[in-house]
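**Q** What would the 3D arrangement of this be:
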Amino acid sequence: MSELRVPLERLQRPEPLRNWTADFDASLLRDGDGPLQVGDVSVKAGNSVRVELILDQVREGVVATGVISTTWNGDCSRCLRPVEGMATTEVEELFEEHPREGESYPLHQEFIDLEPMVRDAILLELPVGVVRCVLTEECSDMSPEYSGDTQEEADSGASPAADPRWAPLQALVFEEEEDHRDT
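**A** Here you go, the predicted model:
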């Protein structure tokens, strides 16, 4: 994980190298055994992660300030087509010798390991819950008569037309329903 380790000697030079920029494959960021994932949204191996930071030495340790961005993938909850989006987040995090859980990251004697900070920042930026491509043109070929989202339907109280994708489920008959039909 050399792309995610910054040598501290960069900051201890007479003219410190404070800017640090890296582009790397998301496969370097693992959440356990799998990719970074929140629900059905994930950052797949092969997606590029861009990290642009300014590192400043402070009394407590080192502060990393900058922007982290990557592309996420998921499925539209409406049409189940693949959806892609961009997760971009600004960070300002402290690295110190004796980190406080949830407040700072560990500062090693010779380097700063950015991997936990980058992973946390991306996970917090991924969309949670329903992902809909209806905000883009991808769901535009779905007829609004099946969506149940039209204002006219809400105003008239009419039930929306049956969605043909659910027809096989409507044909199902359960035992309780059969008993009621026989009587």
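
**Q** just checking, residue 35 touches residue 41?
**A** No. The pair residue 35 and residue 41 fails to qualify as a contact (CB atoms under 8 Å) at a distance of 10.4 Å. Bear in mind the C-beta positions are built from the backbone N, C-alpha and C, glycine included.

**Q** Excluding residues flanking it in the chain, which one is nearest residue 91?
**A** With CB to CB, 6 or more residues apart in numbering as the criterion, residue 91 has its nearest non-adjacent residue at 5.2 Å, and that residue is residue 121.

**Q** Spell out the residue ranges of the strands in this protein.
**A** The residue ranges that make up the strands of the chain, judged by DSSP state E, are 5-7, 19-25, 36-38, 41-43, 48-58, 61-75, 82-96, 105-106, 111-113.

**Q** Turn the ones you listed into a markdown table, columns for mean pLDDT, distance to residue 174 and mean neighbour count.
**A** Output for the strands of the chain, formatted as a markdown table (pLDDT from 0 to 100; distance: least, CB to CB, whole Å; neighbours: other CB atoms under 10 Å):
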| stretch | mean pLDDT | distance to residue 174 | mean neighbour count |
| --- | --- | --- | --- |
| strand 5-7 | 90 | 59 | 16 |
| strand 19-25 | 89 | 49 | 14 |
| strand 36-38 | 87 | 35 | 20 |
| strand 41-43 | 89 | 34 | 21 |
| strand 48-58 | 94 | 49 | 16 |
| strand 61-75 | 93 | 29 | 19 |
| strand 82-96 | 93 | 34 | 16 |
| strand 105-106 | 95 | 55 | 16 |
| strand 111-113 | 93 | 56 | 19 |
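
**Q** Tell me which of the ones you listed sits nearest to residue 176.
**A** Residue 176 lies closest to strand 61-75 among the strands of the chain, at 33.1 Å (CB to CB).

**Q** list the helices and strands that closest one packs on?
**A** Secondary-structure packing of strand 61-75 (3 or more CB pairs under 8 Å, 6 or more residues apart in numbering; DSSP states H and E): strand 41-43, strand 48-58, strand 82-96, helix 115-125.
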